[in-house]
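Novice: For reference, the sequence and a predicted model appear below.
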Amino acid sequence: MDGRGPGRSASTRARSELERARDIRLAPVAAASAGVLIGGAAILAKSMLVEAIGGDPGYIALMGAVIVAAWVGGWIGGVVAVAIAFILDWVIFVSPIDPLSTTEGRVEIARLFVFAVVALGAVALIGSRRASRDRLADALGEASDLAAKVEARDVRLQLMLAASGTGFWEWDVESGELLWSDAIFEQHGLATAPTAPDFPTYVRMIHPEDRTSFMAAIDAAMAGTAPFSLEFRVVWPDGAAHWILGAARVFRDDDGRPTRMLGTGQDITERRRVSDERDQLLAEEHRAAEFREAFIDVISHELRTPITTILGISQLLTRPGRVDDPATRTPLLEDVRSESERLHRLVEDLLVLSRVERGALVVDTEPLEPRRLLERVVAHEAVELPSIDIELQVDADLPIVAGEASYVEQIVRNLLGNAAKYTPAGTSVVVRVGRQDGEVAIRVLDQGSGVPQASIERIFELFYRDPESARTVAGSGIGLFVCASLVAAMGGRIWAKRRPEGGSEFGFTLRVLAADEDDLDDDLPREPTRAAADSRA
């Protein structure tokens with residue numbers, strides 16, 4: 001069904017028939033000359049026969065000559081041969097016997113005229129057949145030229161189709177039979193075969209996710225509501241999925257019923273891959289642009305406040321002539337420490353953000369004892385967040401988990417800082433730690449207004465802030481995104497939801513590292529205290 005064989009065979013047959021049909025075809029002058037020569041040769045042959053047999057051989061030689069002249073020279077050659085034979089026969093054989101005065105002469109005249117009439121009739125028949133064969137030869141010549149042009153066009157078409165990887169297919173709607181070109185077999189990962197799979201079998205080759213759209217496109221084409229043109233996936237015998245661009249036209253009978261579909265198929269797997277890579281690059285560029293905007297936003301807003309505060313207090317404390325008063329110096333130094341802590345946390349979030357942007361956020365997990373780590377974090381944050389009361393609830397006998405201490409601490413700090421923003425002053429925030437589905441879950445429970453239901457699905461997106469709270473609470477929409485990125489890098493899960501009793505729950509999980517929890521005090525190194533870490537620094 002590749003379209004190459006039929007064009008070649010028609011061209012070959014046309015040329016063969018043309019060679020058989022073509023005889024010697026002469027121009028009018030050449031045909032008349034041939035008639036003169038053949039007619040003269042016939043009279044010469046008759047004279048030789050008269051001498052040889054000693055009598056009149058009749059008009060056998062002349063009739064043969066007329067037939068040859070008519071075949072070779074057509075109408076012109078035959079008529080000229082008859083005329084030459086008639087004239088020469090009259091001059092040579094009839095006139096010497098006084099045709100008008102004797103009976104023998106009149107008989108010869110009659111025989112000569114009968115010959116002329118019969119010869120002209122033979123010329124008419126032979127010339128008519130020769131003219132028909134000439135017209136047939138001309139038609140075959142035109143057919144041969146046309147077949148050659150079609151063959152050349154098919155060759156060009158085959159080259160173009162081969163270059164684009166396009167194949168032909170035909171579907172008999174009533175029988176379900178499919179006819180495929182070689183390229184269609186290749187597009188489905190199959191060896192070329194005399195017969196293609198039937199239609200139900202072919203449908204099973206289509207990717208399960210694309211079968212519904214494929215059948216819908218077929219039905220629309222059958223109903224005449226839309227042409228068939230669809231990109232869909234087929235599954236090769238080795239399980240690989242390849243994209244096909246199919247296009248087809250429906251042919252109908254006199255009653256408008258679909259009888260067959262004729263179409264093309266093209267493997268566009270590589271095109272889709274390139275397109276997907278381009279879309280991914282565009283998405284990454286868009287994401288990078290968002291990261292850059294976030295960095296600029298943080299620099300211009302979030303970082304400016306603590307830096308301005310630290311700079312202002314430093315200038316105040318170092319102002320010439322200032323009297324050093326401990327009562328006023330201590331609060332100022334506390335403000336510097338608090339803003340420095342805030343600045344440190346912002347820088348940590350930005351570092352994580354930059355690693356996520358580059359795709360370089362890799363966590364080297366280590367064994368962690370959740371109780372000790374969280375006790376330290378909660379104790380520190382209780383001082384940093386005096387507007388809320390932080391309560392730590394830890395289940396007994398927690399297993400060792402896998403994670404990075406600084407990142408776990410950063411997550412908990414961000415979640416507690418987020419709770420402090422949305423929780424009324426003086427209320428309690430609970431950090432609850434316990435087992436959950438083979439992991440250790442850390443939950444931060446507050447008593448605020450609760451996460452809006454519409455924001456739960458997007459709360460961990462970069463730059464996302466609830467529209468209502470964004471008007472009253474400062475923030476850049478980075479902290480929760482950083483938390484989600486760090487949890488994912490450590491192999492855990494993170495979530496946010498509204499609490500039935502009021503408030504919000506933000507939680508995440510850490511993977512359990514050691515199955516034997518009884519030996520954790522003896523087998524695992526203890527985390528250094530903050531004082532020890534500071535002393536080593």
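Specialist: Sure thing, it's come through. Residues are numbered from 1 along each chain as shown.

Novice: Going by C-alpha atoms from here, please, whenever you check contacts or count neighbours.
Specialist: Will do.

Novice: Where is the longest helix in the chain?
Specialist: helix 103-164 (DSSP state H).

Novice: Residue 109 touches residue 94, doesn't it?
Specialist: Yes. With contact defined as C-alpha atoms under 8 Å, residue 109 reaches residue 94; the gap is 7.0 Å.

Novice: which of those two has more neighbours?
Specialist: For residue 109 versus residue 94, neighbours defined as other C-alpha atoms under 10 Å are more numerous around residue 94 (20 against 17).

Novice: distance of that one from residue 103?
Specialist: 12 Å (C-alpha to C-alpha, to the nearest Å).

Novice: Equivalent analysis for residue 510, please.
Specialist: Taking C-alpha to C-alpha, one finds residue 510 at 140 Å from residue 103.

Novice: And the two? Which one has more around it.
Specialist: Neighbours were counted for residue 510 and for residue 103 using other C-alpha under 10 Å; residue 510 has more, 26 against 12.

Novice: Pop out the phi and psi values for the more buried one.
Specialist: When read as degrees, to the nearest 10, the backbone of residue 510 gives phi -130, psi 140.

Novice: Does it have any beta-bridge partners, and if so which?
Specialist: Note on residue 510: beta-bridge partners by DSSP bridges are residue 440.

Novice: Okay, strands next: where are they in the stretch 151-300 of the chain?
Specialist: Assigned by DSSP state E, counting those that start in this stretch, the strands in the stretch 151-300 of the chain fall at 166-172, 178-180, 228-235, 241-252, 258-267.

Novice: What is the least confident helix or strand in this protein?
Specialist: Lowest on mean pLDDT, DSSP states H and E among the helices and strands of the chain sits helix 530-536, with a mean of 32.

Novice: ok, residues contacting stretch 247-261?
Specialist: 170-174, 221-222, 227-230, 262-265 (C-alpha atoms under 8 Å, 6 or more residues apart in numbering).

Novice: Kindly recompute the last result at 6 Å.
Specialist: With contact meaning C-alpha atoms under 6 Å, 6 or more residues apart in numbering, stretch 247-261 is reached by 170, 171, 172, 173, 228, 229, 262, 263, 264.

Novice: Find me the pLDDT at the nearest residue to the second one once chain neighbours are set aside, would you?
Specialist: Translated: residue 171. Of all residues not flanking residue 171 in the chain, residue 178 sits nearest, at 4.6 Å (C-alpha to C-alpha, 6 or more residues apart in numbering). Among the per-residue scores, residue 178 shows a pLDDT of 91.

Novice: swap in residue 261?
Specialist: For residue 261, the model assigns a pLDDT of 93.

Novice: Grab the nearest non-local neighbour of it.
Specialist: Per C-alpha to C-alpha, 6+ apart, closest to residue 261 is residue 250, 4.5 Å.

Novice: so what pLDDT did the one you found get?
Specialist: 94.

Novice: What's the separation between it and residue 180?
Specialist: The value you get for residue 250 to residue 180, if C-alpha to C-alpha is used, is 16 Å.

Novice: Show me where the chain dips below the pLDDT cut-off.
Specialist: 1-25, 98-100, 154-155, 157-164, 294-295, 297-302, 323, 467-476, 514-537 (pLDDT under 70).

Novice: 50 - rerun?
Specialist: 1-8, 516-537 (pLDDT under 50).

Novice: Could you chop it up by domain?
Specialist: Here the domain parsing of the chain from automatic domain parsing is 5-158, 165-267, 274-358, 366-536.

Novice: that older thread, gap between the residue nearest to residue 171 and residue 198?
Specialist: From residue 178 over to residue 198 (counting by C-alpha to C-alpha), the distance is 6 Å.

Novice: Looking at those two, which has the bigger crowd around it?
Specialist: residue 178 (19 against 15).

Novice: My read is that that one contacts residue 169, right?
Specialist: No. In this structure, residue 178 is not within contact of residue 169 by C-alpha atoms under 6 Å, at 7.0 Å.

Novice: Number of residues surrounding residue 216?
Specialist: By other C-alpha under 10 Å, neighbour count at residue 216 equals 12.

Novice: brain fart, residue 238
Specialist: 7.

Novice: Likewise for the one 5 residues further on?
Specialist: The tally of other residues near residue 243 (other C-alpha under 10 Å) stands at 22.

Novice: contacting residues around it?
Specialist: 232, 233, 267, 268, 269.

Novice: Name the SS class of residue 26, please.
Specialist: Assigned by DSSP: H, G, I helix; E, B strand; the rest coil, the conformation of residue 26 is coil.

Novice: What of residue 360?
Specialist: coil.

Novice: how close does it sit to residue 485?
Specialist: For residue 360 relative to residue 485 (C-alpha to C-alpha), the value is 11 Å.

Novice: who's more crowded, those two?
Specialist: The residue with more neighbours, out of residue 360 and residue 485, is residue 485; 21 against 10, by other C-alpha under 10 Å.

Novice: check contacts around the more buried one.
Specialist: Here residue 485 is in contact with no residue (C-alpha under 6 Å, 6+ apart).

Novice: In what element of secondary structure is it found?
Specialist: Assigned by DSSP states H and E, residue 485 belongs to helix 479-489.

Novice: cool, residue 443 as well?
Specialist: Using DSSP H and E, residue 443 falls in strand 439-445.

Novice: contacting residues around the residue nearest to residue 32 when sequence neighbours are not counted?
Specialist: Using C-alpha to C-alpha, 6+ apart and skipping residues adjacent in sequence, the residue nearest residue 32 is residue 77, 4.9 Å away. Residues in contact with residue 77 (C-alpha under 6 Å, 6+ apart) are 31, 32, 35, 69, 70.

Novice: nearest to residue 343, of those residues?
Specialist: residue 31 (112.7 Å; C-alpha to C-alpha).

Novice: Wait, that closest one touches residue 73, no?
Specialist: Yes. Residue 31 is in contact with residue 73 according to C-alpha under 6 Å; the separation is 4.3 Å.

Novice: the more surrounded of the two?
Specialist: residue 73 (28 against 24).
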